[in-house]
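Student: predicted coordinates and the sequence they were generated for:
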Amino acid sequence: MKEKPRLAITMGDPAGIGPEIVAKLLRLEETFELCRPIVIGNRETMNKAEAIVGEPSAAYELEHFDNVKDHTWGEIRADFGRAAADYIERASKLALEKKVAAMITAPIHKEALKAAGVPYPGHTEMIASLCGVSNYGMMLAGPSLRVIHVSTHVSLAEAIRRVKPERILNTIRLGHEALKREHIASPRIAVAGLNPHAGESGLFGDEEILYISPAITEAQNEGINASGPYPPDTVFVQATKGKFDLVIAMYHDQGHIPAKLLAFDNSINVTVGLPILRSSVDHGTAFDIAGTGIANESSLLEAVRYAARITGEN
């Protein structure tokens, strides 16, 4: 019988719902059927979370960091931002050294990271840097929709400036390789337009003509099954009906809104282009409900299921 993969699970920001959803995850027998979890975090914080939600269903490994003092729920704190970064750094190192098969991350708070002087806006950029990778992307994956973005954590004005053939082609390539990793032989990739109605032949903007269509043509020339550009208001519907395996979104909210609307509790975030496998929840720290016991662990469970499936097949 094949050994269950060892998966590193970061606790996330200590003040958010991360410790609570990790504790809830560890109460599920399925978690231990899927993997051998190693939690990267703080023992006292995990004890508090377990006191709220209940004891784990089995013994688990915890790599303790003594970096949380005077713990509080729901506060933006620089020391907690630093602690969250420490967990990410350690999990990334374990994955790079192949001591774990993959890393799964609970949510962090961008303002806490900034207050701690961490020079990254989020997980994706930080983990890519730790892996020494400059060519990477963010893929959201839910039960009926996968989305990957040409740009993510930038202003809308900057996102529009980044709609260029080389970036679009690179995103198509990253998405293609990510789905091949999922053992989809010929991924069907739809490319969304930037403008309403995908520009309507130049009536509402010419980015589709000048930048998006040339990138699609080049991808097709490379043997990638890509098509478009499609009107953004319909392409996601077509993907959910099974016509496409992946949609290329031109900017953060264009892809995040349909993904979260369809499956807020059980869609996940996968960083593509890395030498390691990283999956994550697709939600934030929810400071307003942290410590109450009502946070939903479904997205974290889906991230574990994804990592266990991919690593188990490879």
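Tutor: Looks like it arrived, so ask away. Residues are numbered from 1 along each chain as shown.

Student: mind listing the helices for the stretch 51-200 of the chain?
Tutor: Using DSSP state H, counting those that start in this stretch, the helices of the stretch 51-200 of the chain run over residues 78-96, 110-115, 123-130, 156-161, 165-181.

Student: as JSON lines, those helices with mean neighbour count and distance to residue 141 would be great.
Tutor: Quick note: C-beta positions are derived from backbone N, CA and C, even for glycine. Shown next, in JSON lines, are the helices of the stretch 51-200 of the chain (neighbours: other CB atoms under 10 Å; distance: least, CB to CB, whole Å):
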{"stretch": "helix 78-96", "mean neighbour count": "22", "distance to residue 141": "19"}
{"stretch": "helix 110-115", "mean neighbour count": "19", "distance to residue 141": "22"}
{"stretch": "helix 123-130", "mean neighbour count": "21", "distance to residue 141": "14"}
{"stretch": "helix 156-161", "mean neighbour count": "13", "distance to residue 141": "21"}
{"stretch": "helix 165-181", "mean neighbour count": "20", "distance to residue 141": "9"}
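
Student: kindly reformat those helices as a markdown table containing distance to residue 255 and mean pLDDT.
Tutor: Converted to a markdown table, those look like this (distance: least, CB to CB, whole Å; pLDDT from 0 to 100):
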| stretch | distance to residue 255 | mean pLDDT |
| --- | --- | --- |
| helix 78-96 | 23 | 97 |
| helix 110-115 | 18 | 95 |
| helix 123-130 | 13 | 93 |
| helix 156-161 | 11 | 96 |
| helix 165-181 | 11 | 96 |
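
Student: low-confidence ranges, this structure, go.
Tutor: For the chain, the stretches with pLDDT under 70 are 1, 313-314.

Student: how is it divided into domains?
Tutor: 1-133+274-314, 135-273 (automatic domain parsing).

Student: picking that back up, in CSV: the helices of the stretch 51-200 of the chain, plus distance to residue 67.
Tutor: Listed next are the helices of the stretch 51-200 of the chain as CSV, based on distance: least, CB to CB, whole Å:
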stretch, distance to residue 67
helix 78-96, 4
helix 110-115, 13
helix 123-130, 17
helix 156-161, 34
helix 165-181, 33
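
Student: what ranges do the strands span in the stretch 1-150 of the chain?
Tutor: With DSSP state E, counting those that start in this stretch, the ranges of strands along the stretch 1-150 of the chain come out as 6-10, 36-41, 61-64, 102-105, 137-141, 146-149.

Student: mind checking the helices of the stretch 51-200 of the chain for the one nearest to residue 35?
Tutor: Among the helices of the stretch 51-200 of the chain, the nearest to residue 35 by CB to CB is helix 78-96 (13.5 Å).

Student: that older thread, now for the helices of the stretch 51-200 of the chain, which one comes closest to residue 248?
Tutor: Among the helices of the stretch 51-200 of the chain, the nearest to residue 248 by CB to CB is helix 165-181 (5.6 Å).

Student: got the angle for the closest one vs strand 137-141?
Tutor: 50 degrees (axes from the mean of the first three to the mean of the last three CA atoms, to 10 degrees).

Student: in terms of secondary structure, what does helix 165-181 contact?
Tutor: For helix 165-181, the packing partners by 3 or more CB pairs under 8 Å, 6 or more residues apart in numbering; DSSP states H and E come out as strand 137-141, strand 146-149, strand 189-192, helix 213-221, strand 246-249, strand 268-272.

Student: list the contacts for residue 171?
Tutor: Applying CB atoms under 8 Å, 6 or more residues apart in numbering, one finds that residue 171 lies in contact with 137, 148-150, 248.

Student: now do residue 84
Tutor: 10-14, 18, 108-109, 112-113.

Student: want to throw these into JSON lines with distance to residue 305?
Tutor: Formatted as JSON lines, the contacts of residue 84 follow (distance: CB to CB, whole Å):
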{"residue": "10", "distance to residue 305": "17"}
{"residue": "11", "distance to residue 305": "19"}
{"residue": "12", "distance to residue 305": "18"}
{"residue": "13", "distance to residue 305": "23"}
{"residue": "14", "distance to residue 305": "25"}
{"residue": "18", "distance to residue 305": "18"}
{"residue": "108", "distance to residue 305": "21"}
{"residue": "109", "distance to residue 305": "25"}
{"residue": "112", "distance to residue 305": "28"}
{"residue": "113", "distance to residue 305": "27"}
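
Student: fine by me, thanks again.
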